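Enquirer: Provided below are the primary sequence and the corresponding predicted coordinates.
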Amino acid sequence: MVPTDDHEVNLFQPLIEITKRASELSKIGDPIYYTIVVTNTSSADTPNLIGTVDDPLIGFSAAVNLAPGASETFYPEYILMAGDPDPFVNVVTVTTNPEG
């Protein structure tokens, strides 16, 4: 008789959704108001996703700890300065890992 073994593994599906909105028109000295929403759209069996939200061009960084289905909203501001790129295009990055 040949020995056999059987095992199932349930793999969770981590996924983060990011939306970012900002003032559309600004001039030097004007504030740019941002709304950044980070949502954990992972499968229900995914552990919390823990990490950071970073927008280095405007000097914004924040920690996140999101359960599946949860979201967090941030409202950073930036004053447009002489020497800033025109157009002023910046990117927000979210880096997370499953808890544990």
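Expert: Received, thanks.
Enquirer: Below-threshold pLDDT in the protein: ranges please.
Expert: Applying pLDDT under 70 to the chain flags no residue at all.
Enquirer: Tell me the strands beside the top strand by length along it, with direction?
Expert: Taking DSSP state E as the criterion, the chain has its longest strand at strand 31-40. Strand 31-40 sits in its sheet next to strand 16-22 (antiparallel), strand 71-74 (antiparallel), strand 77-79 (antiparallel), going by DSSP bridges.
Enquirer: so how far is the first one off the chain centroid?
Expert: Taking the mean of its C-alpha atoms, strand 16-22 sits 7 Å from the chain's own mean (CA atoms, centre = their mean, to the nearest Å).
Enquirer: what does the last one give?
Expert: Between the centre of strand 77-79 and the centre of its host chain there is 19 Å, according to CA atoms, centre = their mean.
Enquirer: So what touches it?
Expert: 29, 30, 31, 32, 33, 34, 57, 58, 59, 60 (CB atoms under 8 Å, 6 or more residues apart in numbering). Where you see a C-beta, it was placed from the backbone N, CA and C, and this is true even at glycine.
Enquirer: buried ones in it?
Expert: The neighbour-count check on strand 77-79 (16 or more other CB atoms under 10 Å) flags residue 78 as buried.
Enquirer: now the longest one
Expert: The neighbour-count check on strand 16-22 (16+ other CB under 10 Å) flags 16, 20, 22 as buried.
Enquirer: Chain neighbours aside, what residue packs nearest to the first one?
Expert: What it means is residue 16. residue 94 (5.3 Å; CB to CB, 6 or more residues apart in numbering).
Enquirer: Buried subset of the contacts of strand 77-79 as a PyMOL selection?
Expert: Here is the PyMOL selection string for the buried members of the contacts of strand 77-79, based on 16+ other CB under 10 Å:
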select buried, resi 32+34+58+60
